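# Below is the sequence, then the predicted model.
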Amino acid sequence: MKLSLNHFSIRTTDLAASSRFYSDMLGLTVGPRPNFPFPGIWMYGGDHADVANAVVHLIGIDPDNPEGLKAYLGDIDVAKLQGSGAVDHIAFFSEGLAAMMDRVTALGATARHRTVPSIGLHQMFLDDPSGVVIELNYPAAEAVGLTFPA
């Protein structure tokens, strides 16, 4: 059996803030989404014609009409929708570390950095509006000469 990650879904009480984060911070774009019985946005990392590029599925919670979501995916207590739960983080390979650091600063966000020399990787960790940790992996060579916050 061969597996590859297709997408991850986040239930959020602030669909607009989550969409802005994945768009402004990660450069994903809003694309087509099936007409599910609950609000949501699919964020694409490539051509919108290929549903495999819809790497982030944002699931909105409509407090005035939660039944569509409950019937389709099941009910979850809204109080439990902060952070990653048992999932520690979600990671993407990326390039353009210096430009991303500038973007993080311009958006007023904070990031945590680690370099893993044994595998030639520099990691940047960000928190989305729901507290989900997003890891961006860059070639370690891109980190040479850059200054990282303590």
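Noted; the coordinates are in hand. What you are looking at is a predicted structure, and each value in this text was computed from that prediction instead of being measured.

# CA atoms for contacts and neighbours, from now on please.
Fine.

# Name the surrounding residues that touch the helix-or-strand element of the chain with minimal mean pLDDT.
Lowest mean confidence among the helices and strands of the chain (mean pLDDT, DSSP states H and E): helix 67-73, at a mean of 86. Contacts to helix 67-73, defined as C-alpha atoms under 8 Å, 6 or more residues apart in numbering, come from residues 37-38, 61, 75.

# ok, now with 6 Å
37-38 (C-alpha atoms under 6 Å, 6 or more residues apart in numbering).

# Alpha carbons only: can I get it in CSV?
Provided in CSV are the C-alpha atoms of helix 67-73 (Å, rounded to 0.1, in the frame of the first residue of the first chain):
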residue,chain,number,x,y,z
GLU,A,67,-27.3,20.5,12.3
GLY,A,68,-25.7,20.1,8.8
LEU,A,69,-22.2,19.7,10.2
LYS,A,70,-23.4,17.5,13.1
ALA,A,71,-25.2,15.2,10.6
TYR,A,72,-22.3,15.1,8.2
LEU,A,73,-19.2,14.9,10.4
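
# list the buried ones in that helix?
Neighbour counts over helix 67-73 (16 or more other C-alpha atoms under 10 Å) mark Leu69 as buried.

# before we move on, what about stretch 39-54?
Buried, per 16+ other C-alpha under 10 Å, within stretch 39-54: 39-46, 48, 51, 53-54.

# The helix of greatest length in the chain - what's its average pLDDT?
Criterion DSSP state H: the longest helix present in the chain is helix 97-106. Averaged across helix 97-106, pLDDT comes to 96.

# now swap in stretch 45-64 and tell me
Over the span of stretch 45-64, the pLDDT mean works out to 93.

# Other residues contacting it?
7-13, 15, 28, 31, 39-44.

# Which members of the buried residues of stretch 39-54 are positioned in strands?
40-44, 54 (DSSP state E).

# now, the most widely separated pair of those residues?
Gly40 and Tyr44 (13.2 Å; C-alpha to C-alpha).
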